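Novice: Quick one: sequence and predicted model below, then my questions.
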Amino acid sequence: MLRKIRIVTAGVFFVLITLLFLDFTGALHLWFGWMAKIQLLPAVLALNVAVIVGLALLTLLFGRVYCSVICPLGVFQDIVSWLSGRRKGKKNRFGYKKEMKWLRYGVLLLFIVLMLVGLNSIALLIAPYSAWGRIATSMLAPVYGWCNNLLAAISAHFGSYAFYPTEVYLKSLPVLIVALVTFIIIVILAWRGGRTWCNSICPVGTTLGLLSRFSLFRPVIDTDKCTGCTLCGKRCKASCIDTKNHKIDYSRCVACFDCIENCNSGAIRYKAVWGKKTPVQAGQNAAAGTDKGRRAFLAGAALVAGAATVEAKKKQLAEGVAALEDKKVPERDVTPVPAGAVSVKHFYSHCTACQLCVSECPNGVLRPSARLATLMQPEMNFNEGFCRVDCNRCSQVCPTGAIRPVDSAADKSAIQIGHAVVIPENCVVNRDGVSCGNCARHCPTGAITMVPAENIPNRKVPAVNPEQCIGCGSCEYHCPARPVSAIYVEGHEVHKER
């Protein structure tokens, strides 16, 4: 029964968390956005004490429930391992393996050091929630988008508009490559060894393993009932059951309850054993009286709760109209970060590169960075869109506090994330002798005015009032100059209020 509860609950969490990365409407976040915020690493970076304490207590009570129910990457490994076990002759393919402490704690120490020295982009390569976010956004989201567009086309054919099409394009080649490599490695490890990634590499799994050694509820082996069939060890995907000595390594047990379900003699029970001797200890240590039995499995402690192929975005051009030259990203001293990020330093030190804000950005402004220092973490790019004053979706979905909530358009329009800079020689007025004014017409704050050009009669060029500019990028996006806009946004290291 416990195993069934765990599977159902884990399935609900896995599907809904994955849909958070795929849903481009933002509707799911209104109901299930909290699922991203209760992931351990985002909670730590957001200094969400309530969630951190809650997950610690959950682990001390029931063991590594988090790894088997709440963590989407952990559930994904269970799915792959289950599929591998469906093969003929592979059902009982596991066996006890000693803990590789040097690897587990070495990786955890390296992860902590990298985070402390500011090399988040490297450390986050192995963070479980971030890894699944990249897989969902880079590999699954395009497939989801194509299926949506197919349904939109079919419904439109029958006069219904229940679905509307969305653009499907490659957001970042480096992120796609990282996601694909991570996906392949995890699939291979899970296919062959079950929870190898969780118990050898994952820093979150190792951290929770330190707590789960002392959990109250744990699976306990009754030596009087055990027949020595070793079936529990052969079905343990964490390879943590030493059937020869009737011991369980609770630091690696992920509370999946497979051993309880598969024990034909009823020798394994999930029970409270803190401060008590278990049947194993009574049989093995009657004289010594030492407490050796520890560790836990889970009891349904959860609630209800991107593509293998990707295509680049194509410009829809009317027949007979020449294609415009693609814009190049201007060289900025400071790349702007979203309103609510407070400062560049705060943003990149708290971001887990999970891609949730990237997948939710309706204007295509947030893109994963290809720079080594901020690899895979979002940055603002105004070639495909601009940051609308009335949009605050990234601040609403960020689970780490890297982008703090911005509640209204009035609040957002008061935040200066950067200011516009004019490159006179690039402006089509100076370069081609034509009239323009696109930047001024589309500026939502009136920060840009057109003033007479010095050397061209009856022509006006843009002038920027930096006190009015909020750095939304509308001017840069709408500028017709190619290959580099004649006006671009220079970010502020620390955001200002106007």
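Specialist: Now that the structure is in, tell me what you want to look at. Numbers count the residues shown, from 1 in each chain.
Novice: Identify the single longest strand in this structure, thanks.
Specialist: The strand that spans the most residues within the chain, counting by DSSP state E, is strand 487-497.
Novice: So which elements touch that strand?
Specialist: helix 344-350, strand 415-422, helix 474-478 (3 or more CB pairs under 8 Å, 6 or more residues apart in numbering; DSSP states H and E). From N, CA and C alone the C-beta is placed, and that goes for glycine too.
Novice: What does the pLDDT read for Ala409?
Specialist: At Ala409, the model reports a pLDDT of 88.
Novice: quick one on the thing from earlier: in CSV, list the helices and strands packed on strand 487-497 along with mean pLDDT, distance to Leu45 and mean neighbour count.
Specialist: Formatted as CSV, the helices and strands packed on strand 487-497 follow (pLDDT from 0 to 100; distance: least, CB to CB, whole Å; neighbours: other CB atoms under 10 Å):
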stretch, mean pLDDT, distance to Leu45, mean neighbour count
helix 344-350, 93, 5, 19
strand 415-422, 96, 21, 22
helix 474-478, 95, 30, 25
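Novice: Need those in TSV (columns: distance to Leu176).
Specialist: As requested, the helices and strands packed on strand 487-497 are exported to TSV (distance: least, CB to CB, whole Å):
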stretch	distance to Leu176
helix 344-350	21
strand 415-422	27
helix 474-478	24
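Novice: among these, which is nearest Lys271?
Specialist: Among the helices and strands packed on strand 487-497, helix 344-350 comes nearest to Lys271, with 40.3 Å by CB to CB.
Novice: Could the C-alpha coordinates of that closest one be exported in PDB?
Specialist: The C-alpha atoms that make up helix 344-350 are tabulated as PDB, following Å, rounded to 0.1, in the frame of the first residue of the first chain:
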ATOM      1  CA  VAL A 344      23.200  41.700 -11.300                       C
ATOM      2  CA  LYS A 345      25.200  40.200  -8.400                       C
ATOM      3  CA  HIS A 346      22.000  39.200  -6.600                       C
ATOM      4  CA  PHE A 347      20.400  37.700  -9.700                       C
ATOM      5  CA  TYR A 348      23.300  35.500 -10.700                       C
ATOM      6  CA  SER A 349      24.200  34.400  -7.200                       C
ATOM      7  CA  HIS A 350      20.600  33.200  -6.500                       C
END
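Novice: what's in contact with it?
Specialist: For helix 344-350, contacts defined as CB atoms under 8 Å, 6 or more residues apart in numbering pick out 45-46, 118, 120, 334-335, 337-338, 341, 374, 377, 400-403, 491, 493-494.
Novice: Can you tell me which of the residues you listed are buried?
Specialist: The neighbour-count test (16 or more other CB atoms under 10 Å) marks 45-46, 120, 335, 337-338, 341, 374, 377, 400-403, 491 as buried among these.
Novice: From Gly418, how far off is Phe386?
Specialist: Phe386 sits 12 Å away from Gly418, going by CB to CB, to the nearest Å.
Novice: cool, Gly433 as well?
Specialist: Here Gly433 is placed at a distance of 30 Å from Gly418 (CB to CB).
Novice: Which residue ranges of the stretch 301-450 of the chain form strands?
Specialist: In the stretch 301-450 of the chain, strands defined by DSSP state E, counting those that start in this stretch lie at 366-368, 378-380, 415-422, 448-452, listed in chain order.
Novice: Adding distance to Gly233 as columns, could you present these in TSV?
Specialist: What follows is the strands of the stretch 301-450 of the chain, written out as TSV (distance: least, CB to CB, whole Å):
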stretch	distance to Gly233
strand 366-368	42
strand 378-380	44
strand 415-422	56
strand 448-452	70
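Novice: Give me the pLDDT value at Phe24.
Specialist: For Phe24, pLDDT reads 79.
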